[in-house]
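[1] turn this into a model:
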Amino acid sequence: MNNLVERIKERNFPVLFTKEDINKSGIGNNNLDIYFNEALEKGMIENVYTDYYVLGKGIRDVYIPEVVISQMLDKKSYVSTYSVLSDADWILDGVFTISSVTEGNTKIIDTDQFGSYTYDNIYKNINMAGIYWESINKYKYKRAKPLRALCDMLVMRNENICDV
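    Numbering: from 1, shown residues only. Reported below is the predicted structural model:
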């Protein structure tokens with residue numbers, strides 16, 4: 001294991017981090033690029049999306065679920081619509097993308113190894129009714145209850161049935 005990865009593990013670094021986070025923490029030094037590129041090459045650090053990274057599979061303690069990565073990529077979001085409705089067996093469709101509602105910009109993020117994510121901005125201000133914190137392993141993320149996810153989907157489709 002290289003010096004950079006050892007220091008990231010020692011400091012209980014955030015699960016999802018950027019190269020800038022490493023610089024700000026004081027871990028980075030003159031050899032940061034050398035150690036960082038070596039860690040990427042050897043799989044000790046894995047690229048999730050653009051400038052977002054996680055420790056490699058052999059280095060991190062536990063599996064990072066896609067729903068958790070979804071929340072980390074957009075902190076102003078919560079998992080909802082198709083993802084929640086499929087998990088609750090309210091729809092029969094197979095869902096291969098983590099769908100979320102966000103206060104940020106509507107976007108789609110496709111990663112090579114960590115799944116696909118959609119973020120829809122459907123509210124000016126998100127009311128937290130029907131949204132709760134879910135825990136998986138040692139990670140937490142925001143998730144809609146099935147009824148809230150159904151309302152989100154109806155709002156997304158411009159159906160004026162739910163008033164949240």
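[2] centre of the chain to the edge, which residue is at the far end?
    What lies farthest from the middle of the chain is residue 30; by Cα atoms, centre = their mean that is 30.5 Å.
[3] hey, where'd the strands end up in this protein?
    45-49, 52-55, 77-79, 97-102, 107-110, 116-120, 131-136, 139-144 (DSSP state E).
[4] can you tell which of the ones you listed is closest to residue 158?
    strand 116-120 (12.2 Å; Cβ to Cβ). C-beta here means a position set from N, CA and C on the backbone, and glycine is covered the same way.
[5] give me the phi and psi angles of the closest residue to residue 52 other than its chain neighbours.
    Leaving aside its chain neighbours, residue 52 sits nearest to residue 16 (5.4 Å; criterion: Cβ to Cβ, 6 or more residues apart in numbering). Main-chain torsions, residue 16, degrees, to the nearest 10: phi -110, psi 120.
[6] ok, residue 123 next?
    According to degrees, to the nearest 10, the main-chain angles of residue 123 amount to phi -130, psi 150.
[7] relative to residue 26, how far out is it?
    Look at residue 123 and residue 26: by Cβ to Cβ, to the nearest Å, they are 39 Å apart.
[8] who has more neighbours, the two?
    residue 123 (14 against 9; other Cβ atoms under 10 Å).
[9] show me the helices in this structure, by range?
    3-10, 19-25, 32-41, 66-73, 81-87, 146-156 (DSSP state H).
[10] relative to residue 55, which of those helices is closest?
    Nearest to residue 55, of those and by Cβ to Cβ, is helix 3-10 at 6.7 Å.
[11] show residues contacting the closest one.
    17, 22, 27, 31-32, 35-36, 39, 44-45, 55, 59 (Cβ atoms under 8 Å, 6 or more residues apart in numbering).
[12] returning to that earlier point: wait, which of the helices of the chain is closest to residue 140?
    Across the helices of the chain, closest to residue 140 is helix 66-73 (Cβ to Cβ), at 7.7 Å.
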